[in-house]
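# Sequence plus the predicted model coming up.
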Amino acid sequence: MEYSKIIAVTGLPGLQELISSKNDGAIVRSLEDKSTKFVSSRVHNFSHLESIEVYTVRDNVNLVDLFQAMEKSGVSLPDEKDAKAIKSYFEKVFPELDFERVYNSDMKKMVKWYSILKANNIEIKLREMPEEEEVVAAPVEEPAPAPKAAKTTKKKEAAPAATEEEAPKKKAAPKAKKETAEEETPKKKAAPKKK
């Protein structure tokens, strides 16, 4: 069983192994009681353990980093029901954890998940991405922002110029109408004098 196939499902206790996914849900197997069932994506949310990050006082870290620190520490796991013991455990094992944003319920869940993973002999590590995907992903991300910024700048520069050109045309048009009206008025006056 691979760590990459382990998910947490809202509304279901513990962790699940993702057997197969479908359009409207997934078939999962519980790591605790080994029962297999279909879980609807309309009712439940799925979170791959690989994608979960944890708040620290610096940058966020992947849950794997926390589990590996728990494994290396050699400190015995605290009782899941004792909130103070859990907090003091994480202060020893992973002191960089941001205890203001990581709640006791989250720490309790991490202790429970870690014990489930160990009970099932699952190696806690992220799967290695193929090199081709990494090479393809890097160039796509870097050039994308530059052209967008250039286009936006050009549009902003072009827009004020168009408004300045339109404004004089509108002002010039009424002046032309006034001149035409003045020219017509003397002609009308001149016509009656000749009679």
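Now that the structure is in, tell me what you want to look at. Computed from a predicted model, the values in this text were never measured in an experiment. Numbers count the residues shown, from 1 in each chain.
# Would you map the strands across the chain?
Along the chain, the stretches classed as strands by DSSP state E are 6-9, 16-22, 25-30, 36-40, 46-48, 53-54, 61-62.
# if I pick the nearest residue to Arg101 once chain neighbours are set aside, what's in contact with it?
The spatially closest residue to Arg101, leaving aside those adjacent along the chain, is Tyr55, at 4.2 Å (Cβ to Cβ, 6 or more residues apart in numbering). No exception for glycine: its C-beta is placed from N, CA and C like everyone else's. Under the criterion of Cβ atoms under 8 Å, 6 or more residues apart in numbering, the neighbours of Tyr55 are Leu97, Asp98, Arg101, Val102.
# ok, which stretches of this structure are helices?
Assigned by DSSP state H, the helices in the chain fall at 63-73, 83-93, 104-119, 131-141, 145-194.
# Show me which residues of the third one are buried.
The reference is to helix 104-119. Residues of helix 104-119 classed as buried by neighbour count (16 or more other Cβ atoms under 10 Å): Met107, Lys108, Met110, Val111, Lys112, Trp113, Tyr114, Ile116, Leu117.
# possible to save those residues as TSV with distance to Met70 and pLDDT?
Below are the buried residues of helix 104-119 laid out as TSV (distance: Cβ to Cβ, whole Å; pLDDT from 0 to 100):
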residue	distance to Met70	pLDDT
Met107	11	94
Lys108	13	95
Met110	8	95
Val111	8	94
Lys112	12	95
Trp113	10	95
Tyr114	5	95
Ile116	13	95
Leu117	10	95
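# and of these, the nearest to Leu31?
Relative to Leu31, the closest of these is Ile116; by Cβ to Cβ it sits at 5.2 Å.
# so that closest one sits right up against Pro13, yeah?
No. Counting by Cβ atoms under 8 Å, Pro13 is not a contact partner of Ile116; they are 9.9 Å apart.
# Between the two, which contacts overlap?
With contacts defined as Cβ under 8 Å, 6+ apart, the residues shared by Ile116 and Pro13 are Glu32.
# What is the end-to-end distance of stretch 10-19?
17 Å (Cα to Cα, to the nearest Å).
# I'd like the contacts of Tyr55 laid out as a markdown table, including pLDDT.
As requested, these are arranged in a markdown table below (pLDDT from 0 to 100):
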| residue | pLDDT |
| --- | --- |
| Leu97 | 94 |
| Asp98 | 94 |
| Arg101 | 94 |
| Val102 | 94 |
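# who wins for most neighbours among those?
When neighbours are counted as other Cβ atoms under 10 Å, the busiest of these turns out to be Leu97, with 22 neighbours.
# Show me the domain layout of the chain.
Domain assignment for the chain by automatic domain parsing gives 3-47, 56-111, 140-184.
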